[in-house]
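Engineer: Below are the sequence and a predicted model for it; my questions follow.
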Amino acid sequence: MFKGTSFAKLKSNLKLSISRFKLLEKKKTEQATKARKDIADYISGGKDDRARIRVEHIIREDYIVEAYEMLEMYCDLLLARFGLIEKMKELDPGIEEAVATLIWAAPRIYSDVPEMKVIADQFLHKYGKEFFEKCRDNVNANVNDKVRHRLSIGPPPKVLIEQYMMEIAKNFKVPFEPDPSIMLVSRDAEAIRITVANAVVLGGQRDGGPRFD
């Protein structure tokens, strides 16, 4: 174990991160609400291609919000089990995924949540460079898969974009016909449609956040 761990600094930045995550989730959700109205206007004006570009942005923002919700949960978990960090020399299995996921996520969200760098640095001091670097590359596969997917830079599936378009058009009562070639290629289209309809388009409001597994 490396010397230099500041438990007070770690605890305070976990608390600050929770507050910042909440603010970012609220801000991004409000922005998504407005964007949905703009998309409906594009659809009604026959500008479907432009609407799809905006939808792709909304999907990315929805993914980020869901990732932030999960990272916030991990911060809360570590605060609840802080004694395991303070008193145990080795990493307790009950918090390993939380610690590994925060270390992995820190450089990816630093611009939004600068406290995450402080948290990651404290875990570096606590658990050592080897563990830290393995978490950065997910060598031990202990980083949460859903967080990794939500913070990935790959484009969303085309069928998901069409489903967003359908549900936004339905919500704002504007006519829209999805691209049939896209809808036919996915056997999961109906499952995605149900998920989107239930969780996404009603002004960006969530009951635990949309889930696109």
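Structural biologist: The structure has been received and is ready for your questions. Treat the numbers as computed from the prediction; the structure is a model and nothing was measured.
Engineer: quick one, what contacts the residue most central in space within the chain?
Structural biologist: Nearest to the geometric centre of the chain sits residue 67, at 1.9 Å (Cα atoms, centre = their mean). For residue 67, the contacting residues are 105, 109, 146, 147, 150, 151, by Cβ atoms under 8 Å, 6 or more residues apart in numbering. Every residue, glycine included, has its C-beta placed from N, CA and C.
Engineer: Pass me the low-pLDDT residue ranges in this protein, would you?
Structural biologist: Counting by pLDDT under 70, the chain contains low-confidence ranges at 1-4, 185-213.
Engineer: One more pass at 50, please.
Structural biologist: Residue ranges of the chain with pLDDT under 50: 1-2, 201, 205-213.
Engineer: report the longest helix in it, please.
Structural biologist: Looking across the chain with DSSP state H, the single longest helix is helix 7-44.
Engineer: How about that one, which residues are buried there?
Structural biologist: Across helix 7-44, burial judged by 16 or more other Cβ atoms under 10 Å covers 10-11, 13-14, 16-18, 20-21, 24-25, 28-29, 32, 35-36, 39-40, 42-43.
Engineer: And the contacts of stretch 144-153?
Structural biologist: Taking Cβ under 8 Å, 6+ apart as the rule, stretch 144-153 contacts 63-64, 66-67, 70-71, 74, 97, 101, 104-105, 108-109, 138, 213.
Engineer: Helix, strand, or coil at residue 111?
Structural biologist: Under DSSP: H, G, I helix; E, B strand; the rest coil, residue 111 falls in the coil class.
Engineer: Number of residues surrounding it?
Structural biologist: Neighbours of residue 111 under the rule other Cβ atoms under 10 Å: 7.
Engineer: quick one: it and residue 137, what's the gap?
Structural biologist: Distance, residue 111 to residue 137, by Cβ to Cβ, to the nearest Å: 21 Å.
Engineer: for residue 109, same thing?
Structural biologist: Distance, residue 109 to residue 137, by Cβ to Cβ: 17 Å.
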